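Enquirer: quick one: sequence plus predicted model below, questions after.
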Amino acid sequence: MSSSSVAVVDYGMGNLHSVASALEKVGDGVKVIVTDCPETILGADRVIFPGVGAIRDCMAELKARGLDEVIQEVAAQKPMLGICLGMQALLESSEENGGVECLDILPGAVKFFGNDLHDSAGTRLKVPHMGWNNVAQTIEHPLWAGIANHSRFYFVHSYYVDAPDFVAGTADYGVQVHAALACENVFAVQFHPEKSGEAGLRLLRNFLNWDRPVASFFPVTD
Amino acid sequence: MALAKRIIPCLDVDKGRVVKGVNFVGIRDAGDPVEVAKRYNEQGADEITFLDITATHEGRETTVHTVEQIAAEVFIPLTVGGGIREIKDIRTMLNAGADKVGINSAAIHRPDFVKEAADRFGSQCIVIAIDAKRVADEADGRPRWEIFTHGGRKPTGINAVEWAIKMVANGAGEVLLTSMDGDGTKAGYDLALTRAISEAVPVPVIASGGVGNLDHMVAGIQEGLADAVLAASIFHFGEYTVPEAKAYMAARGIEVRL
């Protein structure tokens, strides 16, 4: 792994320092490159597609840099990890900002939690969903290796992913949040592994060790 | 299985050292902020808040460096407050590795600042920090709290609950609520104030100011309806550890990250 490289896609959406330093912490010499250069991204062994903020700005910034097509290409070619807004951008569309078309790499939509969210006991739930929630692992996947099922990860988001075809993990917050998706060489998480302590660092380490997708990672959708 | 209530140790930092005063005076040294932050991370703190109380420009540069050092070693959320007055201050702190910034008096001087900050960086990283004191009741007998600045010395005339609603409408994604009556006294959070604000806004509320024991933390959540509880001196001076606080809360039915 020490000779491999990971590109963190920098498209002006939020602070990438944490993602980069977490990768350096677990990377055992892996080259971490924070970049918006299409050639550099396409030349890296692995790609992390992070993001915080609003989806309309996210899509505009991607397009302005020509990175929308780069992400499509990466998704077809090499291990890619989408984080938070980077996960949401992979889907077909989002309800945020009055409705925004996304990259349509994975089937599914991004929906608003609403202003009247309650848990099953009727307790009002705050939005954004901010803090540490349990993630149920719904498939076996190399990125879950060594992470106990139902471990807590740190979330902060007001819109949630509904993408039933490729669910790898779920969290409960008034609705069922699709907290992780897996499809071939793409893995995507709503939570922030770079801010989720040991469990998050382990997921990032697993990503750096993830060589090649195997057909059996396809979820059982029956 | 639900969202955990957060326990947030707070580092009040002056010129590169963790300090803690009583009612914002009477400073006691509590160590090197990077070491303190690492210790809380190892103990399982859910988040760390770093309040810069340094007054000088040189001291602020030290703060940025300290935030960088903490962010390189501690992989849990980090909020930085104190001295956030302009958009560039926010950018500096986020680039240094902060996940969220707390905006306090700058919002009072210019309420649109929170809106500009949220538009630029997203609500998820904008925390409205409110320092409030209980004042004479409203005419109908309901309690009234006002925002105070300058370490609790200067009243602003602003109703704290109304202010929280307004700042959240402007885009703040979280409220850090400090009772200036309680701060440093160890007499407990102002539960009525915490509850009033938590019920009034849709975003999470962090209770702060006055924790002296673990029952205060439990009450902050169960009676104050806080989403997170912040404490400084009870952790700094070793009276309780974070795991002790979590175990105590879990035993009283509060969902925590163990």
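Expert: Now that the structure is in, tell me what you want to look at. Numbering: from 1, shown residues only, chains lettered A, B, ... in the order given.

Enquirer: what does residue 171 show for phi and psi?
Expert: As the question left the chain open, I've gone with chain A. phi -130, psi 150 (degrees, to the nearest 10).

Enquirer: I was thinking of chain B, sorry if that wasn't clear
Expert: phi 120, psi 0.

Enquirer: need the helix or strand of chain B with the lowest average pLDDT.
Expert: Lowest mean confidence among the helices and strands of chain B (mean pLDDT, DSSP states H and E): strand B:25-31, at a mean of 66.

Enquirer: is the next helix or strand along the chain from that one anywhere near chain A?
Expert: Scanning forward in sequence from strand B:25-31 by DSSP states H and E, the next helix or strand is helix B:33-43. Yes. For helix B:33-43 and chain A, the contact criterion (CB under 8 Å from any CB of the partner chain) is met by residue B:41. (Each C-beta comes from the backbone N, C-alpha and C, glycine too.)

Enquirer: distance from helix B:33-43 to the middle of the chain?
Expert: 17 Å (CA atoms, centre = their mean, to the nearest Å).

Enquirer: contacts for it, please.
Expert: A:197, B:9, B:11, B:13, B:16-18, B:30, B:48, B:50, B:66, B:69-70, B:73-76, B:78, B:235-236, B:241-243 (CB atoms under 8 Å, 6 or more residues apart in numbering or on different chains).

Enquirer: just the buried subset of these, please.
Expert: Neighbour counting over the contacts of helix B:33-43 (16 or more other CB atoms under 10 Å in any protein chain shown) leaves A:197, B:9, B:11, B:13, B:17-18, B:30, B:48, B:50, B:66, B:69-70, B:74-76, B:78, B:235-236, B:241-242 as the buried ones.

Enquirer: so which of the residues you listed are in strands?
Expert: B:9, B:11, B:13, B:17-18, B:30, B:48, B:50, B:78 (DSSP state E).

Enquirer: next SSE after the longest strand anywhere in chain A?
Expert: Counting residues, the longest strand found in chain A (DSSP E) is strand A:175-183. Scanning forward in sequence from strand A:175-183 by DSSP H and E, the next helix or strand is strand A:186-189.

Enquirer: quick one, helices of chain A?
Expert: A:17-26, A:38-43, A:55-64, A:67-77, A:85-88, A:197-209 (DSSP state H).

Enquirer: ok, which of the ones you listed comes nearest residue B:112?
Expert: helix A:55-64 (19.2 Å; CB to CB).

Enquirer: so for that closest one, what gets flagged as buried?
Expert: For helix A:55-64, by 16+ other CB under 10 Å, it's A:55, A:57-62.

Enquirer: including distance to residue B:206 and pLDDT, could these go into CSV?
Expert: Formatted as CSV, those follow (distance: CB to CB, whole Å; pLDDT from 0 to 100):
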residue, distance to residue B:206, pLDDT
A:55, 27, 92
A:57, 27, 89
A:58, 27, 92
A:59, 32, 95
A:60, 33, 95
A:61, 31, 93
A:62, 33, 95
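
Enquirer: list the strands paired with the strand or helix carrying residue B:101, with their directions.
Expert: Using DSSP H and E, residue B:101 sits in strand B:100-103. In the sheet, strand B:100-103 lines up against strand B:78-81 (parallel), strand B:126-135 (parallel) (DSSP bridges).

Enquirer: now render those as JSON lines, adding mean pLDDT.
Expert: Converted to JSON lines, the strands paired with strand B:100-103 look like this (pLDDT from 0 to 100):
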{"stretch": "strand B:78-81", "mean pLDDT": "96"}
{"stretch": "strand B:126-135", "mean pLDDT": "96"}
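
Enquirer: any idea which of the ones you listed gets closest to residue A:146?
Expert: Taking those one by one with CB to CB, strand B:78-81 is closest: 25.3 Å.

Enquirer: which residues touch residue B:72?
Expert: Here residue B:72 is in contact with A:21, A:25, B:97 (criterion: CB under 8 Å, 6+ apart).

Enquirer: list the neighbouring strands of the longest strand of chain A plus their orientation.
Expert: strand A:167-173 (antiparallel), strand A:186-189 (antiparallel).

Enquirer: mean confidence for it?
Expert: Mean per-residue pLDDT for strand A:175-183: 97.

Enquirer: ranges for the strands of the stretch 101-250 of chain B?
Expert: B:126-135, B:144-149, B:154-159, B:174-179, B:205-208, B:228-231 (DSSP state E, counting those that start in this stretch).
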